[in-house]
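> Sequence and predicted structure are below.
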There are 2 protein chains.
Amino acid sequence: MTASQAFIAACTDVLGAPHVLTSAVDTEPYRVDWRKRYRGNACAVLLPSDAQQVAALVRLAREYRVAIVPQGGNTGLAGGATPDQSGAQAVISLKRLNRIRGIDPHNNTITVEAGVVLAEIQARAESAQRLFPLSLAAEGSCTIGGNLSTNAGGTGVLRYGNTRELCLGLEVVTPQGEIWDGLRGLRKDNTGYDLRDLFIGAEGTLGIITAAVMKLHPAPVAKVTALAGLASPHAALDFLSLAQHHAGALLTGFELMSDFSMRLVGRHFPQLRYPFGEPHSQTVLLELSDSESEAHARALFERLMEEALEKGIVEDAVVAESLAQSQAFWDLREHIPLAQAEEGLNIKHDIAVPISSIGRFIDETDAIIAKAVPGVRMVTFGHLGDGNLHYNVQAPEGADQKQFLDAYQTPVNALVYDQVHRHRGSISAEHGLGQLKVDEAMHYKSPVEVRLMQAIKAALDPDNLMNPGKVVRASTAPGEEKIA
Amino acid sequence: MTASQAFIAACTDVLGAPHVLTSAVDTEPYRVDWRKRYRGNACAVLLPSDAQQVAALVRLAREYRVAIVPQGGNTGLAGGATPDQSGAQAVISLKRLNRIRGIDPHNNTITVEAGVVLAEIQARAESAQRLFPLSLAAEGSCTIGGNLSTNAGGTGVLRYGNTRELCLGLEVVTPQGEIWDGLRGLRKDNTGYDLRDLFIGAEGTLGIITAAVMKLHPAPVAKVTALAGLASPHAALDFLSLAQHHAGALLTGFELMSDFSMRLVGRHFPQLRYPFGEPHSQTVLLELSDSESEAHARALFERLMEEALEKGIVEDAVVAESLAQSQAFWDLREHIPLAQAEEGLNIKHDIAVPISSIGRFIDETDAIIAKAVPGVRMVTFGHLGDGNLHYNVQAPEGADQKQFLDAYQTPVNALVYDQVHRHRGSISAEHGLGQLKVDEAMHYKSPVEVRLMQAIKAALDPDNLMNPGKVVRASTAPGEEKIA
């Protein structure tokens, strides 16, 4: 019996045979990432049902020196949950840890296990007249453990923050196979190091999140959206300031969409109507979430738009008259990625810069890329209120798409990330590093920061068995070069 | 020349003689904490003027094996900035790092050095029509570096969060004497471990914060307060839910004050008028911050109070008619600690429990303490919206106060903290651990959590030279027992 077989046998003792998958067919869905960019191998896929079982598996992994890849809904966009090619790693899927342990409306908290699907948390909160504001495209299949491990963003960040800001406490299985019970539902707790935030966004490289206490908010009475047409990203920044001045915390969405983004949607989804008679350089979608009434939100929008038109900040504006029209506005925004896919292959970037730099960033970077790739078409859209752009580069009209990608992906990434770095931005605003961007992160981060990350990794996971190769290059990993 | 003298000479080379204090008289203000509970000694007080100088001092401290105690405004309540008795430690005061490096209204950020006084940041934000919402009693002399290092709370937490939630980026001098430039002004950045939050609240035990990028908010147009009288803490919880439902993010204050707290204020500050004709078991102060108008806030309050009275949740209510009356309501709240001091010595607790547990916590703990200390008087007040109570224990009427404190401080602390622990609460909600509560923290935290903290401390500060003895007992410190 090999060491790997002995490990699998020991895991089977813990979980029972039905929860240890080893055949290529059974493990396939766990070995390929959602975008099908990464295809790995695994000695086993392990399906524990509670934190005690997860802890037992981690202790076995230590004993048998098997590296572990934790996985949630497997909807990540950076390959963070996909094992490597070696076949030596084991995937631990958290999807059977799917209980909502409790909801506490007075404390505005919900306690959930890692494998609970995001949409279920939203629904459970709603049934208690509360809002769980995390919302993103994969919400029907992503799990809260994955959201926490990647610190997922989405459309509610402007008002409610990232997943990090929505979490009050965690339960984590440490690399030593112990359970840390940090499931506190407190708004204030200054008793030592912030372990919670260290595990959040660590993509399973420092331990495995098994449960969490998440914050709830009062459910708004009404949501109203509006669209505005503007002459430039710079005008959009002025508009954001004005909107925040008028609406304060009621402003829950501020999404930017470039002219070409809107044209792409029009081309591939002609049933979606752009509400303005003429195109605008930029279109902004705004959302207000109101605890009073729809009428109150609409009146607020009217006052805002009046002032913005008067000051020449916006060129045109329309406030949704109905829920259906609100949805139609959101449809325009949400169909941009789909329209892009219809148009063909493209080079995607999920970047953030300080909000005040967005206009300059777009101007400069557009010019740099246009020079490097003549005829290129920029699909720029995103969460302007958070400084987060999906800054995507589409092949020139009629170009061979495969050839375009092969020739330009690497140099275009370098151009964009250099610009991001120059503006003190982030090369991964909401998707994490996974295996996709770990080398870029090591390149752009300062040596001091890389060493701090490596020191923490080595302190908590000295054997480098927790999702190795993701997020940070371990300084002590055998076969990996030490980064100076 | 002793090693200590050599260290001081080398520091003098870096800073110049005027910025190295060594005489007992010169160093006195830096060696005694604000409440005068701790009086330490120091081989020197060092006054660098920028991060490079701080880094140079830390490198010298490593070379000469001198432990360092960083200090901001020296207004901490847990002795975290006071050196020990040995005379071997050096205080590094950050107060000359007092530049506001810049404000970026479009990004809603301000970049400040560690030694900038909190009130100055508030004022600079206001001059740009922005709000820096951190607000606490010591704001005229505390510094942002200290606020960050203790993750200070205050009165704005309900809506805006603790200092942690107001920080986007840090500059830190590491225990190796390197400068980590993490001064990012980004709302979204998922590129690795959350170093920022690790340094926040670490009280200088993992490095020295030298600068920070802090979040600003749109300035509200109006603030209006109201008072309500209620029959119990349980009713106050129902009232909080109702207020959040009505006001959403406009609700920026929700403070609880027990009947005895109000009586104490009335006794010692008779000029402060309690606005209700008869006493109430609990009084709640509410604050709305409105981005529309004062009239809008007042109308919202009227609707809320009407429903709360109708449902029998509150017994009486009054909305402030003027700024002066708003201030008078806040005066009642802010004079509780002063009235307590007038009344005599007392045992203070800064605790948090889940908001939903507050009623039960108070009922149970009041009963336990009444049994243990007959005639004791409970001064219970605090930030109910955050689950944070100042749960203070006043000597029985006419008791010898010194005797009371000597006899009861230790057992009462144990009773209260045991209760906090039972309710999964925090023994230090907003003041930090410092040297005051480090032993209690090590006692109440799980061994797993203590080991995680020790592993991080040992990884970043292997020589235990950064504020040793505060926050965590280092597992490797010479002469200190390893905690199992």
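Arrived safely.
> quick one: residue A:390 is in a strand?
Yes - counting by DSSP: H, G, I helix; E, B strand; the rest coil, residue A:390 is part of a strand.
> dump the residue contacts of it.
By CB atoms under 8 Å, 6 or more residues apart in numbering or on different chains, residue A:390 lies in contact with A:336-337, A:348-350, A:379-382. For the C-beta atoms, the positions are set from N, CA and C on the backbone; glycine is no exception.
> Dump those residues to TSV, plus neighbour count and pLDDT.
Below are the contacts of residue A:390 laid out as TSV (neighbours: other CB atoms under 10 Å in any protein chain shown; pLDDT from 0 to 100):
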residue	neighbour count	pLDDT
A:336	25	96
A:337	18	92
A:348	17	93
A:349	22	96
A:350	23	95
A:379	23	96
A:380	24	97
A:381	27	96
A:382	27	93
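> Take these and write them to JSON lines, including secondary structure and distance to chain B.
As requested, those are arranged in JSON lines below (DSSP: H, G, I helix; E, B strand; the rest coil; distance: CB to the nearest CB, whole Å):
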{"residue": "A:336", "secondary structure": "helix", "distance to chain B": "18"}
{"residue": "A:337", "secondary structure": "helix", "distance to chain B": "18"}
{"residue": "A:348", "secondary structure": "coil", "distance to chain B": "15"}
{"residue": "A:349", "secondary structure": "coil", "distance to chain B": "13"}
{"residue": "A:350", "secondary structure": "strand", "distance to chain B": "9"}
{"residue": "A:379", "secondary structure": "strand", "distance to chain B": "19"}
{"residue": "A:380", "secondary structure": "strand", "distance to chain B": "16"}
{"residue": "A:381", "secondary structure": "strand", "distance to chain B": "15"}
{"residue": "A:382", "secondary structure": "strand", "distance to chain B": "10"}
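> and the stretch 51-200 of chain A, which residues reach chain B?
Residues of the stretch 51-200 of chain A lying close to chain B (CB under 8 Å from any CB of the partner chain) are A:104-109, A:129, A:150-151, A:153, A:157-159, A:161-162, A:164-165, A:174, A:178-195, A:197-198, A:200.
> Show me just the buried residues among the residues you listed.
Among those, the ones that count as buried by 16 or more other CB atoms under 10 Å in any protein chain shown are A:104, A:106-109, A:150-151, A:153, A:157-159, A:161-162, A:164-165, A:174, A:178-195, A:197-198, A:200.
> Out of those, list just those in helices.
A:150, A:157-159, A:195, A:197-198 (DSSP state H).
> Spell out which residues of the stretch 251-400 of chain A are next to chain B.
The interface of the stretch 251-400 of chain A toward chain B, taken as CB under 8 Å from any CB, is made up of A:289-292, A:300, A:352-357, A:383, A:386-388.
> at 7 Å instead, please
The stretch 251-400 of chain A comes close to chain B at residues A:291, A:352, A:354-356, A:386-388, as judged by CB under 7 Å from any CB of the partner chain.
> Including pLDDT, could the residues you listed go into CSV?
Below are those laid out as CSV (pLDDT from 0 to 100):
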residue, pLDDT
A:291, 93
A:352, 98
A:354, 98
A:355, 97
A:356, 96
A:386, 94
A:387, 96
A:388, 96
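> And the furthest pair within the ones in helices among the buried ones among the residues of the stretch 51-200 of chain A next to chain B?
Farthest apart among those by CB to CB are A:158 and A:195. That separation is 27.5 Å.
> Please name the residues that touch residue A:158.
A:251-254, A:383, A:385-386 (CB atoms under 7 Å, 6 or more residues apart in numbering or on different chains).
> what do you get if the cut-off is 6 Å, keeping everything else the same?
Under the criterion of CB atoms under 6 Å, 6 or more residues apart in numbering or on different chains, the neighbours of residue A:158 are A:254, A:385-386.
> So which of the residues you listed belong to strands?
residue A:254 (DSSP state E).
> nearest to residue A:330, of the contacts of residue A:158?
Of all the contacts of residue A:158, residue A:254 has the smallest distance to residue A:330: 13.0 Å, by CB to CB.
> you'd agree the closest one is up against residue A:384?
Yes - assessed by CB atoms under 6 Å, residue A:254 is found in contact with residue A:384 at 5.4 Å.
> if we can go back for a sec, and which of the contacts of residue A:390 is nearest to residue A:471?
Nearest to residue A:471, judged by CB to CB, of these is residue A:350 at 15.6 Å.
> Excluding sequence neighbours, find me the nearest residue to that closest one.
For residue A:350, the nearest residue in space outside its immediate sequence neighbours is residue A:431; the separation is 4.8 Å by CB to CB, 6 or more residues apart in numbering or on different chains.
> residues near that neighbour, how many?
Neighbours of residue A:431 under the rule other CB atoms under 10 Å in any protein chain shown: 22.
> what do you get for residue A:270?
Residue A:270: 8 surrounding residues under other CB under 10 Å.
> Now do the contacts for the residue nearest to residue A:350.
So residue A:431 contacts A:77-78, A:350 (CB under 6 Å, 6+ apart).
> Swap in 7 Å and give it another go.
Neighbours of residue A:431 in contact, by CB under 7 Å, 6+ apart: A:77-78, A:150, A:350, B:190.
> and what of residue A:365?
A:416, A:419.
> quick one: it and chain B, what's the gap?
In this view, residue A:365 and chain B are 17 Å apart by CB to the nearest CB, to the nearest Å.
> List the buried residues for the helix or strand that that residue is a member of?
Counting by DSSP states H and E, the element that carries residue A:365 is helix A:358-372. Applying a neighbour-count criterion of 16+ other CB under 10 Å, the buried positions in helix A:358-372 are A:358-359, A:361-362, A:365-366, A:369.
> And stretch A:297-314, by the same measure?
Judged by neighbour count (16+ other CB under 10 Å), stretch A:297-314 contains these buried residues: A:297-301, A:304-305, A:308, A:313-314.
> could those residues be laid out in a markdown table, adding pLDDT, secondary structure and distance to residue A:65?
Formatted as a markdown table, the buried residues of stretch A:297-314 follow (pLDDT from 0 to 100; DSSP: H, G, I helix; E, B strand; the rest coil; distance: CB to CB, whole Å):
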| residue | pLDDT | secondary structure | distance to residue A:65 |
| --- | --- | --- | --- |
| A:297 | 96 | helix | 58 |
| A:298 | 96 | helix | 62 |
| A:299 | 96 | helix | 65 |
| A:300 | 97 | helix | 60 |
| A:301 | 97 | helix | 60 |
| A:304 | 98 | helix | 60 |
| A:305 | 98 | helix | 63 |
| A:308 | 98 | helix | 62 |
| A:313 | 98 | coil | 61 |
| A:314 | 98 | coil | 61 |
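> Pull the number of nearby residues for residue A:86.
The burial count for residue A:86: 11, using other CB under 10 Å.
> One more: residue A:345?
Here the number of neighbours of residue A:345 (other CB under 10 Å) works out to 17.
> how about residue A:103, what does it touch?
Residues near residue A:103 by CB under 7 Å, 6+ apart: A:110, A:124, A:128.
> Same question for residue A:188.
The neighbourhood of residue A:188, defined by CB under 7 Å, 6+ apart, consists of B:153, B:157, B:162, B:352, B:386-388, B:426, B:429-430.
> what's the farthest-apart pair in the residues you listed?
B:157 and B:426 (13.1 Å).
> where are the low-confidence patches of chain A?
Where chain A drops to pLDDT under 70, the residues are A:476-484.
> make it 80
A:1, A:474-484 (pLDDT under 80).
> Excluding chain neighbours, give the residue nearest to the closest residue to chain B within the stretch 1-150 of chain A in space.
At 3.6 Å from chain B, residue A:106 is the closest residue in the stretch 1-150 of chain A, using CB to the nearest CB. With sequence-adjacent residues excluded and distances taken as CB to CB, 6+ apart, residue A:106 is closest to residue B:356, at 3.6 Å.
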